[in-house]
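*Asks:* Provided below are the primary sequence and the corresponding predicted coordinates.
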2 protein chains.
Amino acid sequence: MVEPPKKRGRPRTLDRNVGLDVAARLFWEHGYEGTSIADLTAAMGVTPPSLYATFGSKQELYCKALDHAVERESKARMDALNSGLSAYEALSFYLHDVATGISRPDDPRGCIVSTAVVQCAAENEPVAKSMTARREAAIKAIRERFDRAISEGDLAVGTDTESLARFYGAFVQGMSVQACDGACTQRLKRLVDIALSAWPGKRSKNGR
Amino acid sequence: MVEPPKKRGRPRTLDRNVGLDVAARLFWEHGYEGTSIADLTAAMGVTPPSLYATFGSKQELYCKALDHAVERESKARMDALNSGLSAYEALSFYLHDVATGISRPDDPRGCIVSTAVVQCAAENEPVAKSMTARREAAIKAIRERFDRAISEGDLAVGTDTESLARFYGAFVQGMSVQACDGACTQRLKRLVDIALSAWPGKRSKNGR
DNA sequence: CGATTAATATATCGATCGCTATTAAACGCT
DNA sequence: AGCGTTTAATAGCGATCGATATATTAATCG
């Protein structure tokens, strides 16, 4: 499937992935309600009908753009969670990776998921629900890593991994607000070190 | 000044404080961009000209409504910070008070300041800046309490109170997101206990 | 009772919102 | 070249945005 069959009709001017990149960046910076179709079409260099033909609706575009960007942004930290690192090391990597990713000089501030569509107009409630689900999924992934830590002896049996995961989830979400308010990477990493001091389990490397 | 002189002209139908309460509640639930003038006038039971005559503009109303609500919402925790409690006790009260205040069954979810106008349309940038300033002021108040803690021997000399205050500020902001996502008071308080475990100083009461 | 004063409601303003019916343009195929 | 197919651009849909000019209503004062 390396040779795509020649397509009939007028060719597309906008690459789909480029469009998603542009959209993700705008949504990332200004949020769902703060980004208009006019903003999106202007940044993509297309007209509204092209955008709708390609992406369906503003909601669909938002969802697809987030999938597109989150995959890229969070891949490394999710891999770390599921790697052979000890739970503490994985968590440390995760938090430092977030701190870096939400305060890059050439990208919008903050996390594209943590601080998106928290409060919104009543008619956008479905979008808010989907963002809640994304945040809950992120916390669940952390929690599952902590549960594994119990089975591996990194955390004491009986540890409230649900609360511990939600604590670090809340911390990440709060870091995102601080990043939006202008915090640099260095400053955020100092917060990460403090957050890690709340870790209740072993801090050694796996296998010594 | 107990006897207001009889005022000329048609009397106001909307009490100013009631209007601010109504506005604060709407802004609290749906945010600045998610709350329209039509929403506000409908909830207040007035027409747009009355609203503009009383409050000036949407931005001014937002600012005044926030002042009005924040004064009421944060008074107890600010008093605790400046009381005779030990730094740890004051911080503990502060965090538990936030946890309770952002998850009351009959009020909108989350903190009216922590998670407001984080991402917004370019034309609302001034509003976002003012919210950043409010969040920074809250962190500064915590930091000043921590500085006092050093002078009182509750924290080791050389403690990075700036980072410590920003850590707890971020935690509060993250708790606000969790509250918006549906977390109940009980659940939030478990997160508070974990956050408090990162406290690097004395946990005794003052004077013993 | 007018006259004065102030707050109200009616009816919009121009701009922008998300979205689309219609028409024009650019391709492969015959 | 002519045709069918696919996408693009023009123009504009009804609704809503924040904000106002105008006219009306309700109070006190003389």
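*Replies:* Good, I have the coordinates.
*Asks:* do stretch A:108-122 and DNA strand C meet at all?
*Replies:* No. Stretch A:108-122 lies out of reach of DNA strand C by Cβ under 7 Å from any atom of the strand, never closer than 10.5 Å. Using the backbone N, CA and C atoms, a C-beta is placed for each residue, glycine as well.
*Asks:* where do the helices sit along chain A?
*Replies:* Taking DSSP state H as the criterion, chain A carries its helices at A:16-30, A:37-44, A:48-55, A:58-81, A:87-101, A:125-151, A:161-180, A:185-196.
*Asks:* how big is the angle separating the last one from helix A:161-180?
*Replies:* Pointing back at helix A:185-196 there. For helix A:185-196 against helix A:161-180, the angle by axes from the mean of the first three to the mean of the last three Cα atoms, to 10 degrees is 160 degrees.
*Asks:* Tell me which other helices or strands helix A:185-196 touches.
*Replies:* Packing partners of helix A:185-196 (3 or more Cβ pairs under 8 Å, 6 or more residues apart in numbering or on different chains; DSSP states H and E): helix A:87-101, helix A:161-180, helix B:161-180.
*Asks:* possible to save those helices as JSON lines with distance to residue B:16?
*Replies:* Below are the helices and strands packed on helix A:185-196 laid out as JSON lines (distance: least, Cβ to Cβ, whole Å):
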{"stretch": "helix A:87-101", "distance to residue B:16": "44"}
{"stretch": "helix A:161-180", "distance to residue B:16": "31"}
{"stretch": "helix B:161-180", "distance to residue B:16": "28"}
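*Asks:* follow-up on the earlier one: out of the helices of chain A, which is closest to DNA strand D?
*Replies:* With Cβ to the nearest atom of the strand as the criterion, DNA strand D lies closest to helix A:48-55 of the helices of chain A, at 3.7 Å.
*Asks:* before we move on, back to that, can you list the helices of chain A in TSV and add mean pLDDT and mean neighbour count?
*Replies:* What follows is the helices of chain A, written out as TSV (pLDDT from 0 to 100; neighbours: other Cβ atoms under 10 Å in any protein chain shown):
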stretch	mean pLDDT	mean neighbour count
helix A:16-30	98	19
helix A:37-44	98	16
helix A:48-55	97	15
helix A:58-81	98	17
helix A:87-101	98	21
helix A:125-151	98	17
helix A:161-180	98	26
helix A:185-196	98	19
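*Asks:* Distance to residue B:48 added to those, as JSON lines?
*Replies:* Listed next are these as JSON lines, based on distance: least, Cβ to Cβ, whole Å:
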{"stretch": "helix A:16-30", "distance to residue B:48": "27"}
{"stretch": "helix A:37-44", "distance to residue B:48": "25"}
{"stretch": "helix A:48-55", "distance to residue B:48": "30"}
{"stretch": "helix A:58-81", "distance to residue B:48": "27"}
{"stretch": "helix A:87-101", "distance to residue B:48": "43"}
{"stretch": "helix A:125-151", "distance to residue B:48": "25"}
{"stretch": "helix A:161-180", "distance to residue B:48": "32"}
{"stretch": "helix A:185-196", "distance to residue B:48": "43"}
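*Asks:* would TSV of those with distance to DNA strand D be doable?
*Replies:* Shown next, in TSV, are the helices of chain A (distance: least, Cβ to the nearest atom of the strand, whole Å):
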stretch	distance to DNA strand D
helix A:16-30	10
helix A:37-44	8
helix A:48-55	4
helix A:58-81	12
helix A:87-101	32
helix A:125-151	14
helix A:161-180	22
helix A:185-196	33
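*Asks:* Which among those helices is found nearest to residue B:195?
*Replies:* With Cβ to Cβ as the measure, helix A:161-180 is the member of the helices of chain A nearest residue B:195 (6.6 Å).
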